[in-house]
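Trainee: I'll drop the sequence and a predicted model, then ask my questions.
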Amino acid sequence: MTAQAARIAAAQDAARLNRPEPFTPPLGDGGFFQRDRSIHPPAHAPGYKSSVLRSPRQSLLSLENSISEITGPVFGHNDLGPLDNDLIRNYAKDGDPIGERIIVHGRVMDETGRGVPNTLVEFWQANAGGRYRHKKDTYLAPVDPNFGGCGRALTDDSGYYYFRTIKPGPYPWRNYVNSWRPAHIHFSVFGSGFAQRLITQMYFEGDPLIPVCPILTTIPDKDALDRLVAPLDLNASTPFDSLTYRFDIVLRGARSTYFENRPEGN
Amino acid sequence: MAQPLNYLKETASQTAGPYVHIGLIPGMAGFDIFEKNFSNVLVTPDTKGERITLEGRVLDGTGTPLRDVLLEIWQANAAGRYNHPADRSAGALDEDFRGWGRAGSDFDSGLITFETIKPGAITDKAGRKCAPHVNVWIVARGINIGLNTRLYFSDEEAANAADPVLNLIEQPVRRSTLIAKRSERAGKVVYSFTINLQGPEETVFFDV
């Protein structure tokens, strides 16, 4: 019997025998742990120049999570197509895209370490030459006719996801005159409640552009920055086919709702 | 030394960047890739409720519209119920309404639109009625961590005046930054909003 089941049984026994109930923790409200903003980049980070005019200057108003924040959109396999997690094939016209074949896999967890099941993970990236398939990207590297550069996956019951792609290239951008983005993949993750919504970027172990990136270095916490760097996962690689990188994602944890049957479990 | 608690740390946010459309609205980036796409239309012909258009812009510190911003909205249905298992309030679920959509701003004008329904009032945990509102999440190049705000409705004056969240805002003048203004255009109901990232009319953003 789990500790929680034992507590429930004790409470039920007490009620049946008309004895005072044992102490139990107060009902949680299902709200999320307060966000630790010290590990996130501040809105106003002058080294990343675009943030200067786009950063609120008033304090954020702290809001206890209500049903509006605890809930969020629910997605299912009906929202996805069969090739959505295969960027090597999902835009191929007359062959495979150019570049290093890689697999990216990992778990979406919350701060308690529980997997976040059935949540939507979306990803997008430049091609092997560092060029995005986007009407506003004018970098001189060529567009790859066989590479779209986006995909999505739904995590399984344990929060696990994976997709196949080619390794993106670094590219220059206008911040300082010689600013280059390290190779990266953008990630969008939902979680179970709208307050968990997160967009981030995954980087690759060993990339020498990481310590000089004006966007990455907006993150004030060294460990938080390191957690965006995916290690090579040689054991999970496919011999003679693809290298694999591991990228776990942590979303905010939820306060327990003791003694309630939550669909997410407890 | 006490026992370690061993919580994990949340993954750090990073900007969505200027090419966010590739991943989230590829049609706007200029190509067609997915069989099924998410959009700024939250309604089907069978959705219950009053059809409305939400229309607005996000302005930077100079008052210039952002032309590469992406908004997502999350809202209750016409009965005030969210389409999510954690909402066990009394209002009826509407299986033709997920309650979520996303929109990119127009690359020239910065205009953002959603086609949705007006949500019903929500009852909070303390049993108080909350004014109808739409939850908004904003990402873009230059925005390091997604911004949370809300849109309320100008024709809900009494409900807005009693709303527990609007009343958390100390300066009454700032509450108006969250009120979308109702008008009718060619027989359609339009609610207009402006989100100011900075300046004397800076929108109220929430740490949720």
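Mentor: Great, that's in hand.
Trainee: okay, now the sheet partners of the lowest-mean-pLDDT helix or strand in chain B, with direction.
Mentor: Using mean pLDDT, DSSP states H and E, strand B:122-123 stands out as the lowest-scoring helix or strand of chain B, at a mean of 90. Strand pairing for strand B:122-123, using DSSP bridges, gives strand B:129-130 (antiparallel).
Trainee: and the contacts of the strand it pairs with?
Mentor: Under the criterion CB atoms under 8 Å, 6 or more residues apart in numbering or on different chains, residues A:66, A:68, B:121-124, B:159, B:162-165 lie in contact with strand B:129-130. The C-beta positions use only the backbone N, C-alpha and C, and glycine is treated the same way.
Trainee: next helix or strand past that strand?
Mentor: strand B:133-140 (DSSP states H and E).
Trainee: tell me what that next one is packed against?
Mentor: Other helices and strands packing on strand B:133-140, by 3 or more CB pairs under 8 Å, 6 or more residues apart in numbering or on different chains; DSSP states H and E, are helix A:67-70, strand B:51-59, strand B:69-75, strand B:147-153.
Trainee: looking at those, which is closest to A:Ser158?
Mentor: Minimum separation from A:Ser158 across the helices and strands packed on strand B:133-140 (CB to CB) falls at helix A:67-70, 22.3 Å.
Trainee: and the closest one, anywhere near chain B?
Mentor: Yes - residues of helix A:67-70 are located near chain B by CB under 8 Å from any CB of the partner chain, namely A:67-70.
Trainee: which one of those residues is nearest to B:Ala16?
Mentor: Taking CB to CB as the measure, B:Ala16 lies nearest A:Glu69 of the residues of helix A:67-70 next to chain B, at 20.1 Å.
Trainee: identify the residues contacting the closest residue to that closest one other than its chain neighbours.
Mentor: Residue nearest to A:Glu69 in three dimensions, not counting chain neighbours: A:Ala195, with 4.0 Å by CB to CB, 6 or more residues apart in numbering or on different chains. Going by CB under 8 Å, 6+ apart, A:Ala195 touches A:32, A:65, A:69-70, A:72, A:252, B:148, B:208.
Trainee: give me the angle between the helix or strand where B:Ile195 lies and strand B:133-140.
Mentor: Using DSSP H and E, B:Ile195 sits within strand B:188-196. Counting by axes from the mean of the first three to the mean of the last three CA atoms, to 10 degrees, strand B:188-196 lies at 50 degrees to strand B:133-140.
Trainee: show me what strand B:188-196 packs onto, helices and strands only.
Mentor: So strand B:188-196, by 3+ CB pairs under 8 Å, 6+ apart, packs with strand B:51-59, strand B:147-153, strand B:179-185.
Trainee: of the ones you listed, which stretch is the most buried?
Mentor: Greatest average neighbour count among the helices and strands packed on strand B:188-196 goes to strand B:147-153 (a mean of 23), per mean count of other CB atoms under 10 Å in any protein chain shown.
Trainee: which residue sits closest to the residue nearest the centre of chain B, ignoring its sequence neighbours?
Mentor: With distances taken as CA atoms, centre = their mean, B:Val136 lies nearest the centre of chain B, 2.2 Å away. Distances taken as CB to CB, 6+ apart put B:Thr149 closest to B:Val136, at 5.0 Å, once the chain neighbours are dropped.
Trainee: related to what we said a few turns ago, direction included, what does the strand holding B:Ile195 pair up with?
Mentor: strand B:51-59 (parallel), strand B:179-185 (antiparallel).
Trainee: run through who's touching that strand.
Mentor: By CB under 8 Å, 6+ apart, strand B:188-196 touches B:50-59, B:118, B:136, B:138, B:149, B:151, B:153-154, B:177, B:180-184, B:201-203.
Trainee: mind listing what's buried in stretch B:93-112?
Mentor: By 16 or more other CB atoms under 10 Å in any protein chain shown, the buried positions in stretch B:93-112 come out as B:94, B:97-105, B:110, B:112.
Trainee: from the residues you listed, which is closest to chain A?
Mentor: B:Trp100 (3.5 Å; CB to the nearest CB).
Trainee: pretty sure that closest one contacts B:Leu42?
Mentor: Yes - between B:Trp100 and B:Leu42 a contact is recorded at 7.0 Å, counting by CB atoms under 8 Å.
Trainee: gap between A:Cys150 and A:Gly95?
Mentor: According to CB to CB, to the nearest Å, A:Cys150 and A:Gly95 sit 19 Å apart.
Trainee: and those two? which has more neighbours close in?
Mentor: Between A:Cys150 and A:Gly95, A:Cys150 has the larger neighbour count (other CB atoms under 10 Å in any protein chain shown), namely 28 against 9.
Trainee: now do the SS call for A:Asp223.
Mentor: Assigned by DSSP: H, G, I helix; E, B strand; the rest coil, the conformation of A:Asp223 is helix.
Trainee: which residues are in contact with both of B:Trp100 and B:Leu42?
Mentor: Each of B:73, B:75 lies in contact with both B:Trp100 and B:Leu42 under the rule CB under 8 Å, 6+ apart.
Trainee: distance between the ends of stretch B:151-171?
Mentor: 17 Å (CA to CA, to the nearest Å).
Trainee: buried ones in that stretch?
Mentor: Within stretch B:151-171, the residues that count as buried by 16+ other CB under 10 Å are B:151-153, B:156, B:159-160, B:163, B:165-166, B:169.
Trainee: name the residues that touch the least confident helix or strand of chain B?
Mentor: By CB under 8 Å, 6+ apart, the surrounding residues in contact with strand B:122-123 are A:66-68, B:76, B:80, B:82, B:89-90, B:129-130, B:132-133.
Trainee: also stretch A:213-221?
Mentor: Contacts to stretch A:213-221, defined as CB under 8 Å, 6+ apart, come from residues A:38-42, A:45, A:47-49, A:51, A:175-176, A:179-182, A:201, A:203, A:210-211, A:225, A:228, B:12, B:14-15, B:144.
Trainee: from the chain's centroid, how far away is stretch B:52-66?
Mentor: Offset of stretch B:52-66 from its chain centre (CA atoms, centre = their mean, to the nearest Å): 13 Å.
Trainee: over to stretch B:179-191?
Mentor: Per CA atoms, centre = their mean, the centroid offset for stretch B:179-191 relative to its chain is 17 Å.
Trainee: can you check stretch A:83-95 too?
Mentor: For stretch A:83-95 - counting by CA atoms, centre = their mean - the centre lies 22 Å from the chain centre.
Trainee: got the CA coordinates for it in PDB?
Mentor: Provided in PDB are the C-alpha atoms of stretch A:83-95 (Å, rounded to 0.1, in the frame of the first residue of the first chain):
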ATOM      1  CA  LEU A  83       5.600  12.300 -40.600                       C
ATOM      2  CA  ASP A  84       5.400  15.200 -38.200                       C
ATOM      3  CA  ASN A  85       8.400  14.000 -36.100                       C
ATOM      4  CA  ASP A  86      10.600  13.100 -39.100                       C
ATOM      5  CA  LEU A  87      12.200  16.300 -40.500                       C
ATOM      6  CA  ILE A  88      14.300  14.200 -42.900                       C
ATOM      7  CA  ARG A  89      11.100  13.000 -44.700                       C
ATOM      8  CA  ASN A  90       8.400  15.500 -43.900                       C
ATOM      9  CA  TYR A  91       9.400  18.000 -46.700                       C
ATOM     10  CA  ALA A  92      11.500  15.700 -48.900                       C
ATOM     11  CA  LYS A  93      10.700  16.400 -52.600                       C
ATOM     12  CA  ASP A  94      13.300  14.500 -54.600                       C
ATOM     13  CA  GLY A  95      15.700  13.200 -52.000                       C
END
